[in-house]
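Trainee: next one to model:
(one chain, ligands or ions: 2)
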Amino acid sequence: MKISVIGTGYVGLVSGVCYADAGNEVVCVDKVQEKIEMLNSGVVPIYEPGLKELIDKNMELGRLKFTTGIEQSVKDSDIIIIAVGTPSLPDGRANLDFVKNVANEIGVSINGYKIIVTKSTVPVGTNEIVESIISAQTDVVFDVASVPEFLREGSAIQDTLNSNRVVIGTNSKYAADVLSELHKPFTRNILVTDIRSSEMIKYASNAFLATKISFINEIANICEKVGADVTQVALGMGYDHRIGNSFLNPGIGYGGSCFPKDTQALIQIAGQMNYDFKLLKSVVEVNNDQRFNVLTKLKLILNDLENKTVGIWGLAFKPNTDDVRDTPAYEIIKSILDCGGKVKAYDPLAIENFKKTFRLSHNIIYCDTAKDVALDSDALCILTEWEEFSLINPTTIQKWLKRPNLIDGRNIYNEVQLYGTDLTYYSVGRPSLNKGVKDKSPVLFV
Ligand SMILES: NC(=O)c1ccc[n+]([C@@H]2O[C@H](COP(=O)([O-])OP(=O)(O)OC[C@H]3O[C@@H](n4cnc5c(N)ncnc54)[C@H](O)[C@@H]3O)[C@@H](O)[C@H]2O)c1
Ligand SMILES: O=c1ccn([C@@H]2O[C@H](COP(=O)(O)OP(=O)(O)O[C@H]3O[C@H](CO)[C@@H](O)[C@H](O)[C@H]3O)[C@@H](O)[C@H]2O)c(=O)[nH]1
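Mentor: Residues are numbered from 1 along each chain as shown. Ligands and ions are numbered 1, 2, ... in the order given. Here you go, the predicted structure:
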């Protein structure tokens, strides 16, 4: 099949490459000339494991091309996939300007029957808007379909090539058949449904996963007070298949380009229909508070942050990505700086993006290694669970630090690794591992 993917970001690039790898002829389109030039010269603008290799392979086979020329690529394709951003507006609603602009450009260029697919995460009813924008420009017959994307950054290629499901929302039997055929190589679970349900499935899935994270974070906070270990609690809960053991890792709250934005958008979607989505509002509130637990623990250990040096390991919102959109690291670092502290930070991949995005120039030093961060720091905070960090022995960390204070915001160390250290150690929801400033066993009411 001949496919155009409009928007060559994390989603458009990964899915475009995977469609090419399945044997389709794919053109990835972006309006940013520099991005397209990079890709055409073999440079990949984002980091995603396995992406570069797959791009090189499919470009060499002539199945994958990059262009800024949307008009020609629309004309040449059978399927046009919209994969542009839908960032938050100040009130939390999704900004649909990029999607509408693309729909307009498709309407101007369309020259025969096409299937127009929206892969961007969009509020219920958006595909109908796309349809009406295109119809206003042309008499050509076309179908629209909602095919939301469920990939995770850091494992995007694997998630796409082995999707646990593909959802196709369309009113057209023909489009459903073509799109099912297109996605057969990636999954056995294809759900064909109506457009509005498909659009809702995407938001409901992200909201549910975010709810799981906020739930386990609250359980972790309670574990800290009652002397239980959240790792054991999550394990015990997860054996129940109805609960499942994934997405029960407590930490510093979810970040990234999706959960924060999509939870806010769903609250707004509900609100526009006069429905108060109380549960999801709490999920967001819990998530915002969770980031500041790191600061609370730092203050507990250091009393006053004025002129203290705090080391930060991890700036990306999760490991194996260079993406820093809505990373919890930003607010944590900003709050340390606001309290008069100095910050030294390291991330294996995300330093440049972090610098560019947040411009936190004062009192922050970016280091080339994890060791450089720890040296001479009054405390070290682990904010992203990069494998590189978990391979460093806590005893070594203790030797590097000026004062032996470690806040493990992602629970990367276990009891065995911590054995024999004199670190003042705080993790999330595991009070028995706290060393140094160990709380007294709490009194339980029975
Ligand atoms: N990032 C993820 O992990 C992920 C996963 C699932 C779904 N989504 C959703 O997919 C959509 C895209 O997300 P992303 O992270 O890939 O965004 P992104 O910002 O990385 O990429 C969007 C790209 O679209 C391009 N673009 C914007 N307007 C254009 C136009 N008129 N013509 C051509 N190109 C244009 C931009 O230049 C940019 O390169 C969003 O709706 C997001 O919510 C993202
Ligand atoms: O048990 C967990 C799991 C995740 N997280 C955090 O949650 C955030 C998101 O993680 P993850 O879901 O792995 O990454 P994303 O790339 O943001 O992917 C989510 O958002 C995408 C965009 O919509 C969806 O396509 C994916 O299905 C959905 O998992 C990160 O900050 C993680 O640290 C936790 O704190 N605890």
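Trainee: buried residues, stretch 236-244. List them.
Mentor: residue 237 (16 or more other CB atoms under 10 Å). (Each C-beta comes from the backbone N, C-alpha and C, glycine too.)
Trainee: any idea how far the nearest residue to residue 186 once chain neighbours are set aside is from residue 296?
Mentor: If the residues on either side of it in the chain are set aside, residue 186 comes closest to residue 163, at 4.7 Å by CB to CB, 6 or more residues apart in numbering. Residue 163 sits at a distance of 40 Å from residue 296 (criterion: CB to CB, to the nearest Å).
Trainee: when those two are compared, which one has more neighbours?
Mentor: Higher neighbour count among residue 163 and residue 296: residue 163, with 20 against 11, using other CB atoms under 10 Å.
Trainee: next, count neighbours for residue 320.
Mentor: For residue 320, using other CB under 10 Å, the count is 20.
Trainee: where does it land in three-state SS?
Mentor: At residue 320 the chain is in coil, as set by DSSP: H, G, I helix; E, B strand; the rest coil.
Trainee: residues touching the closest residue to it other than its chain neighbours, list them.
Mentor: Leaving aside its chain neighbours, residue 320 sits nearest to residue 154 (3.4 Å; criterion: CB to CB, 6+ apart). Residue 154 sits next to 48-49, 318-321 when contact means CB atoms under 8 Å, 6 or more residues apart in numbering.
Trainee: look up phi and psi at residue 408.
Mentor: phi -100, psi 90 (degrees, to the nearest 10).
Trainee: from ligand 1, how far off is the residue lying closest to it once chain neighbours are set aside?
Mentor: In this structure, residue 408 finds its nearest non-sequential neighbour in residue 427, 4.3 Å apart by CB to CB, 6+ apart. Noted for residue 427: a distance of 27 Å to ligand 1, by CB to the nearest ligand atom, to the nearest Å.
Trainee: for ligand 1, see how far away the closest residue in space to residue 431 that isn't next to it in sequence is.
Mentor: Closest residue in space to residue 431, ignoring its immediate chain neighbours: residue 224 at 5.1 Å, by CB to CB, 6+ apart. According to CB to the nearest ligand atom, residue 224 stands 31 Å off from ligand 1.
Trainee: if we can go back for a sec, what sits against the residue nearest to residue 186?
Mentor: 150, 183, 186-187, 189.
Trainee: please apply the same query to residue 433.
Mentor: Taking CB under 8 Å, 6+ apart, one finds 229, 413-415, 418, 425, 427 in contact with residue 433.
Trainee: does stretch 380-400 reach ligand 2?
Mentor: No: using CB under 6 Å from any ligand atom, stretch 380-400 stays clear of ligand 2, coming no nearer than 7.6 Å.
Trainee: now swap in stretch 207-217 and tell me
Mentor: Yes: judged by CB under 6 Å from any ligand atom, stretch 207-217 and ligand 2 are in contact via 209, 213.
Trainee: give the buried residues for that stretch.
Mentor: 207, 209-217.
Trainee: that one - what's its average pLDDT?
Mentor: Average pLDDT, stretch 207-217: 98.
Trainee: likewise for stretch 334-346?
Mentor: 95.
Trainee: can you dump the C-alpha coordinates of that stretch into PDB?
Mentor: This file holds the C-alpha atoms of stretch 334-346, laid out as PDB (Å, rounded to 0.1, in the frame of the first residue of the first chain):
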ATOM      1  CA  LYS A 334      13.100  24.000  39.900                       C
ATOM      2  CA  SER A 335      11.900  23.600  43.400                       C
ATOM      3  CA  ILE A 336      15.400  22.800  44.600                       C
ATOM      4  CA  LEU A 337      16.700  26.000  42.900                       C
ATOM      5  CA  ASP A 338      13.900  28.000  44.300                       C
ATOM      6  CA  CYS A 339      14.900  26.900  47.800                       C
ATOM      7  CA  GLY A 340      18.400  28.300  47.200                       C
ATOM      8  CA  GLY A 341      20.000  24.900  46.400                       C
ATOM      9  CA  LYS A 342      22.600  24.200  43.600                       C
ATOM     10  CA  VAL A 343      22.000  21.400  41.200                       C
ATOM     11  CA  LYS A 344      24.400  19.100  39.300                       C
ATOM     12  CA  ALA A 345      22.600  16.900  36.800                       C
ATOM     13  CA  TYR A 346      23.300  14.000  34.400                       C
END
